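A.B. asks: Dropping the sequence and predicted coords here.
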Amino acid sequence: MPTHVPVLNIANLLTLSRLALVPVFLLALFAGTDFWRWASAAIFAIASITDHIDGRIARRLGLITDFGKIADPIADKALTGAALVGLSALGELPWWVTIVIAVREVGVTLLRFWVIRHGVIPASPGGKAKTLAQVVAIGLFLVPLPGPLHVVAWVVMATAIALTVATGVDYVVRAVRLRARAKRAVA
Ligand SMILES: O=P(O)(O)OC[C@H](O)CO
């Protein structure tokens, strides 16, 4: 692993490109035509794929940075948050779903900054599974599915909500433990 890893490396640039795609995605979602609706789903899919790729590249090329550990989940949350708010604003997803997920995602981000003096809490395997479930659920809501298949979208969304809440609680426990360890170390 290189001793000094530049922050502006290919993995972090991919993460930043995911953030840059958020306003483009929203413009397409609210354009109001079938073509742009499919385009919004495609943009969402492309941006979500960069989430998978940036982590792999960072690990394979030894480009892991603290900036990446913080920016990667924030970029994911900006993309999924924009999609959830957009779908709720369009009346296609109940607001309570968006609010439950948003409270957890903002809360975990604040938690990460709360303990940052003591260390970085990277994405856990559960957190990654949660993001995957959210992305698949949102993708199924974005593409115009025939009525019966909408049930599938809801089953995946229910799984995503359960994982969102469970991993949120897990991060609270991790943050409290990290702080307690750090305090014991200076005592
Ligand atoms: O659950 P979080 O906040 O760690 O987010 C997980 C990331 O989105 C995985 O890329």
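C.D. replies: That came through, no problem. Numbers count the residues shown, from 1 in each chain.
A.B. asks: Read off the pLDDT value for the closest residue to the ligand within the chain.
C.D. replies: Across the chain, no residue is closer to the ligand than residue 127, which sits at 2.6 Å (C-beta to the nearest ligand atom). In short, each C-beta sits where N, CA and C put it, glycine included. In the prediction, the pLDDT value recorded for residue 127 is 94.
A.B. asks: can you tell me which residue is nearest the centre of the protein?
C.D. replies: Closest to where the C-alpha atoms of the chain average out (C-alpha atoms, centre = their mean) is residue 76, at 2.7 Å.
A.B. asks: chain center to the helix or strand hosting that one, what's the gap?
C.D. replies: Assessed by DSSP states H and E, residue 76 sits inside helix 66-89. Helix 66-89 sits 5 Å away from the centroid of its parent chain (C-alpha atoms, centre = their mean, to the nearest Å).
A.B. asks: just stretch 103-112 next, same as before
C.D. replies: With C-alpha atoms, centre = their mean, you get 11 Å for stretch 103-112.
A.B. asks: Please work out the average pLDDT along the longest helix seen in the chain.
C.D. replies: Longest helix in the chain, counting residues (DSSP state H): helix 150-186. In this model, helix 150-186 carries a mean pLDDT of 94.
A.B. asks: Could you do stretch 21-41 as well?
C.D. replies: Rounded mean pLDDT across stretch 21-41 is 96.
A.B. asks: May I have that stretch exported as PDB, CA atoms only?
C.D. replies: Output in PDB follows, covering the C-alpha atoms of stretch 21-41 (Å, rounded to 0.1, in the frame of the first residue of the first chain):
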ATOM      1  CA  LEU A  21     -25.100  12.800 -11.000                       C
ATOM      2  CA  VAL A  22     -27.700  13.600  -8.300                       C
ATOM      3  CA  PRO A  23     -29.000  16.900  -9.800                       C
ATOM      4  CA  VAL A  24     -29.000  15.300 -13.300                       C
ATOM      5  CA  PHE A  25     -31.000  12.400 -11.900                       C
ATOM      6  CA  LEU A  26     -33.600  14.800 -10.300                       C
ATOM      7  CA  LEU A  27     -34.000  16.800 -13.500                       C
ATOM      8  CA  ALA A  28     -34.700  13.600 -15.400                       C
ATOM      9  CA  LEU A  29     -37.100  12.300 -12.700                       C
ATOM     10  CA  PHE A  30     -39.200  15.500 -12.700                       C
ATOM     11  CA  ALA A  31     -39.200  16.000 -16.500                       C
ATOM     12  CA  GLY A  32     -42.500  14.200 -16.500                       C
ATOM     13  CA  THR A  33     -42.200  12.200 -19.700                       C
ATOM     14  CA  ASP A  34     -41.800   8.400 -20.200                       C
ATOM     15  CA  PHE A  35     -38.500   8.900 -21.900                       C
ATOM     16  CA  TRP A  36     -37.000  10.900 -19.100                       C
ATOM     17  CA  ARG A  37     -38.500   8.600 -16.500                       C
ATOM     18  CA  TRP A  38     -36.500   5.700 -18.000                       C
ATOM     19  CA  ALA A  39     -33.500   8.000 -18.300                       C
ATOM     20  CA  SER A  40     -33.800   8.800 -14.600                       C
ATOM     21  CA  ALA A  41     -33.800   5.000 -13.800                       C
END
